[in-house]
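In: coords please:
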Amino acid sequence: MKQLFKALFKRVGSVIINGTNYYGSSVVISGSVVGGDVYVDGVRQVGNISFNAPMSIKVEGDVERLETVSGNVQVAGSCGDVSSTSGNVTCGAVSGDVETTSGAVKCSTVSGKVKTMSGDITMRR
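Out: This is a model prediction of the structure:
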């Protein structure tokens, strides 16, 4: 199984995936193109996420590291490092680096390096 999404929080945070809320210091989605499993602090959660419809992910809290392969992610808080393959990420300030292949990243400021292949990185003040 491939890791599709990972959020590592500075403290305990919340991730809402397709309307279901998960609390912990790390939230990971592992799976394939068909579906996946959610792990909170290393423990597999009951249920399976289907990827038949676009995945909706909302993160509440300050994140040390955010990685996503696909699907749009909204963060109500700040981020350390942000990495996106083809999903769009919207967040507050980024204290680390931003890297995207074809996804867009919208944030307030970036303190580290910014790298993109074909995605857009937009900073708003």
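In: Show me the shaky parts of this protein.
Out: Low-confidence segments of the chain (pLDDT under 70): 1, 33-34, 48, 50-54, 125.
In: Could you list which residues are in contact with Val110?
Out: For Val110, the contacting residues are 93-94, 97-98, 121, 123, by C-beta atoms under 8 Å, 6 or more residues apart in numbering. Bear in mind the C-beta positions are built from the backbone N, C-alpha and C, glycine included.
In: Buried ones only from these, please, as a PyMOL command.
Out: Listed next is the PyMOL selection for buried residues among the contacts of Val110, using 16 or more other C-beta atoms under 10 Å:
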select buried, resi 94+97+98+121
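In: Mind checking which of the contacts of Val110 are in strands?
Out: The strands, defined by DSSP state E, take in 98, 121, 123 from the contacts of Val110.
In: and of those, the nearest to Ile29?
Out: For the ones in strands among the contacts of Val110, the residue nearest Ile29 by C-beta to C-beta is Val98; the value is 20.6 Å.
In: Hmm, that closest one is touching Ile121, no?
Out: Yes - between Val98 and Ile121 there is a contact at 5.9 Å, judged by C-beta atoms under 8 Å.
In: Show me the common contact partners of the two, please.
Out: Contacts common to Val98 and Ile121, judged by C-beta under 8 Å, 6+ apart, are 105, 107, 110, 114.
In: Looking at the residues you listed, which two lie furthest apart in space?
Out: Greatest spacing in the shared contacts of Val98 and Ile121, by C-beta to C-beta: Cys107 and Val114 (9.8 Å).
In: And these two? Which one has more around it.
Out: Neighbour count, other C-beta atoms under 10 Å: between Cys107 and Val114, Cys107 has more, with 21 against 15.
In: Present the contacts of Val110 as CSV; the columns should include distance to Val27.
Out: Output for the contacts of Val110, formatted as CSV (distance: C-beta to C-beta, whole Å):
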residue, distance to Val27
Ala93, 21
Val94, 19
Asp97, 21
Val98, 20
Ile121, 24
Met123, 26
